[in-house]
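**Student:** Generate a structure from the sequence data that follows.
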Amino acid sequence: RAGKPLAIRIAVRPPTTRSAGIDPDDIFQYRDLPAHVKVSAGAKPVALVTEEMGPLRAGDLITAVDGKQVDRKLLTDGLMPKKARTTVLTLVRGDTTIAMTLAVAPAGVLATLIATGIQKIDDTHYTIEKTAVDALLVSPITVAHGARFVPSMKDGKIDGLRLYAIRPQSVFASLGLMNGDTLNAINGLDLTSPDKALEAYSKIGSAKQLVIAITRRGKPLTLLYTIK
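**Tutor:** Down below sits the predicted model:
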């Protein structure tokens with residue numbers, strides 16, 4: 001310009017999520033919340049669910065907790081309470097706004113109740129008290145806090161959910177699951193999509209036994225849980 005060289009720097013930013021006004025540069029992860037929940041730091045914070053966790057689906061945008069605009073404390077108390085309670089989440093799923101009521105409880109309380117109701121017979125056979133199953137179902141959010149789930153890919157397709165970061169006192173540890181295990185199916189229902197995973201989860205309460213097909217270290221394995 002005007003006979004002199006000029007360097008122009010152009011910064012390209014990814015598009016924002018219009019439905020919630022989230023700027024990707026403003027999204028950060030709370031250290032005191034499950035790894036699958038992220039929250040924007042803008043003036044109008046919105047929790048972005050990045051992985052499946054119980055009835056919440058990846059891509060859900062949580063806008064309010066118990067009728068109040070979501071923030072760090074509300075989300076922490078709502079999903080990880082100090083005592084058992086009911087939490088109402090307002091969320092946007094696609095173009096639909098949903099009010100979802102969840103029963104939540106401290107992870108330690110549920111983990112202890114579930115662990116005491118599970119008896120190991122051998123490496124692939126367990127018995128589970130019905131009270132432990134009921135405890136597992138009452139608070140899917142709290143249960144999900146015990147591990148991380150990521151889709152497992154095989155031949156370019158999702159073949160299940162892989163488990164990572166399993167906490168020693170979690171439900172998953174009590175059930176004999178290990179880091180790196182891929183959950184492929186529960187009672188014959190494959191876990192290749194969020195809808196199918198939710199269908200399998202919803203039928204646990206009425207089941208007499210659970211047959212969980214997994215892949216461990218590259219080899220198929222079946223875990224049998226008899227409910228009594």
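**Student:** From now on I want contacts and neighbour counts done on CA atoms only, so please keep to that.
**Tutor:** Fine.
**Student:** and stretch 74-83, which residues are buried?
**Tutor:** Leu74, Leu75, Thr76, Asp77, Gly78, Leu79, Met80, Pro81 (16 or more other C-alpha atoms under 10 Å).
**Student:** What of stretch 176-191?
**Tutor:** 177-186, 189-191.
**Student:** one step back: closest to Ser202 among the buried residues of stretch 74-83?
**Tutor:** Each of the buried residues of stretch 74-83 was checked against Ser202 using C-alpha to C-alpha; the closest is Leu79, at 19.9 Å.
**Student:** Return, as residue ranges, the portions of the chain with sub-threshold pLDDT.
**Tutor:** Scanning the chain for pLDDT under 70 picks out 1-37, 39-44, 51-54, 107-108, 138, 142.
**Student:** Okay, helices next: where are they in it?
**Tutor:** Using DSSP state H, the helices of the chain run over residues 72-79, 107-116, 130-138, 140-144, 171-174, 194-202.
**Student:** Buried deepest among these, which one?
**Tutor:** When you average the neighbours per residue for each of the helices of the chain (mean count of other C-alpha atoms under 10 Å), helix 140-144 leads with a mean of 23.
**Student:** Nearest to Pro45, out of the helices of the chain?
**Tutor:** Closest among the helices of the chain, using C-alpha to C-alpha: helix 72-79, at 9.0 Å.
**Student:** counting contacts, what elements does that closest one pack onto?
**Tutor:** Secondary-structure packing of helix 72-79 (3 or more C-alpha pairs under 8 Å, 6 or more residues apart in numbering; DSSP states H and E): strand 61-65.
**Student:** which residues are contacting the strand it packs on?
**Tutor:** 20, 45-49, 69-70, 74-75, 78, 87-93 (C-alpha atoms under 8 Å, 6 or more residues apart in numbering).
**Student:** Same question for stretch 79-99.
**Tutor:** Residues from elsewhere that reach stretch 79-99 (C-alpha under 8 Å, 6+ apart): 33, 59-67, 78, 100-107, 141-142.
**Student:** out of those residues, which are buried?
**Tutor:** Counted by 16+ other C-alpha under 10 Å, the contacts of stretch 79-99 give 33, 60-66, 78, 102-107, 141-142 as buried.
**Student:** hang on, Leu161 packs against Leu183?
**Tutor:** Yes: if you go by C-alpha atoms under 8 Å, Leu161 and Leu183 touch, sitting 5.1 Å apart.
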